[in-house]
Structures are given as C-alpha cells and as structure tokens.
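Engineer: Quick one, structure for this:
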Amino acid sequence: MDKFLKNNMLTYGILGILGICMVLSPSKMLNSIVRLAGLGLLIAGGMQILSYKQDLRVNKPRLDLMTGIVMVVLGLWMLVNTRGVQTLLPTVLGLAILVYGVSGILKGYMTGKEQKTMVTSGIAAVLGLIIASNPFSTMKIFSVAAGVALIYVAVTGFCGTKWMSE
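Structural biologist: Sure, this is the predicted structure:
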C-alpha cells in the first residue's frame, strides 16, 4: 500500500506541475503537446513500418505498411507545422460541436417534445461557432481551463491520498 500511495503522490504532483505550466504559459504548453504528439506518431509509425518489414515473410497485409506511412507523415507534419495543427484542432472541434448542436435543435424541433434539448443544443451550437471562428484564443482559454482542472485534480487527489494514508 505504501508504494501505491507514493505513486499516487508522484502522479498528482506531475499533474499539478503540468496544470500550473498550462495556466502560466498556455501557448508554450500547446506547442509542446503538439510536438510530443507529432513525435509519438513519428515513432509509432516508424515502428509499424519496421514491424511490417520484419514480418514480410509472414505475408502481413499492406494495410499495416500504409498505416505506418500515414503515421510518419502526420508526425512529420505536426513537428514541422505546429502552429497549423494548433489552429486546425479547435476549428475541427468547433465544427463538430456546431454540427452536434444543430442536429439536437433539429431533433427537438421534429419531435416537438424536447424543449430542454433544443435549448442546450442551441448553446452547444453557439459555442461550436465561437470555437470554430476564433481558434487561437479558444485554444489559450481551453489550455488555461484544462490547467485549472489539472490543478484541481492534483490538489483533491493529493489530499484524498494523504487522508487515506492516515
């Protein structure tokens, strides 16, 4: 149990530090996150390609090779064009939320019974439109909000773990 508590404390400490960094410097953290994701895709894609080359005698499907190539290309693109990725992600997220909101409004209108759904879907549609139309400040706000959430999780988890150990 002692090792479990130490691991939890370490995890919450890391989450707290990450949250503080996201609050204090959101644009640098977003840049780092995109670069880490790009590096991860690059490594995973490279491993997929190597695995395909090694298992060539086993008659492995070419889909594995294609997946590896796509992952490498996406990883390289993310490493080279981090600002573009930072812009693209909130736009896609905003459009997805907008579509969800509009479909909820239409569903509520068609059934005639879902007035609460129509209101919440309308709010979602407006938020989706705001996110899609203003990607840079949305990502900074999102990063700060995520940082605050990580700090909250770290503090409550740390306290809960400490209280469990007593």
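
Engineer: do you know how far Leu65 is from Leu50?
Structural biologist: With the distance defined as Cβ to Cβ, to the nearest Å, Leu65 ends up 10 Å from Leu50. (C-beta placed from N, C-alpha, C; glycine too.)

Engineer: which ones are touching Ala125?
Structural biologist: By Cβ atoms under 8 Å, 6 or more residues apart in numbering, Ala125 lies in contact with Ile97, Leu98, Tyr100, Gly101, Val102, Gly104, Ile105.

Engineer: tell me which element it is part of?
Structural biologist: With the criterion set as DSSP states H and E, the secondary-structure element containing Ala125 is helix 115-133.

Engineer: next helix or strand past that helix?
Structural biologist: For helix 115-133, the following helix or strand on the C-terminal side (DSSP H and E) is helix 135-165.

Engineer: Could you name the helices and strands sitting against that next one?
Structural biologist: Using 3 or more Cβ pairs under 8 Å, 6 or more residues apart in numbering; DSSP states H and E as the contact test, the elements touching helix 135-165 are helix 2-24, helix 26-54, helix 82-111.

Engineer: One more pass at 10 Å, please.
Structural biologist: Judged by 3 or more Cβ pairs under 10 Å, 6 or more residues apart in numbering; DSSP states H and E, the packing partners of helix 135-165 are helix 2-24, helix 26-54, helix 82-111, helix 115-133.

Engineer: Dihedrals phi and psi, Ser25?
Structural biologist: phi -140, psi 70 (degrees, to the nearest 10).

Engineer: from what I can see it touches Ser32, true?
Structural biologist: Yes - the pair Ser25 and Ser32 passes the contact test of Cβ atoms under 10 Å, sitting 9.4 Å apart.

Engineer: hmm, back to that, which one of the contacts of Ala125 is nearest to Ile43?
Structural biologist: Each of the contacts of Ala125 was scored against Ile43 by Cβ to Cβ, and Ile97 proved nearest at 31.0 Å.
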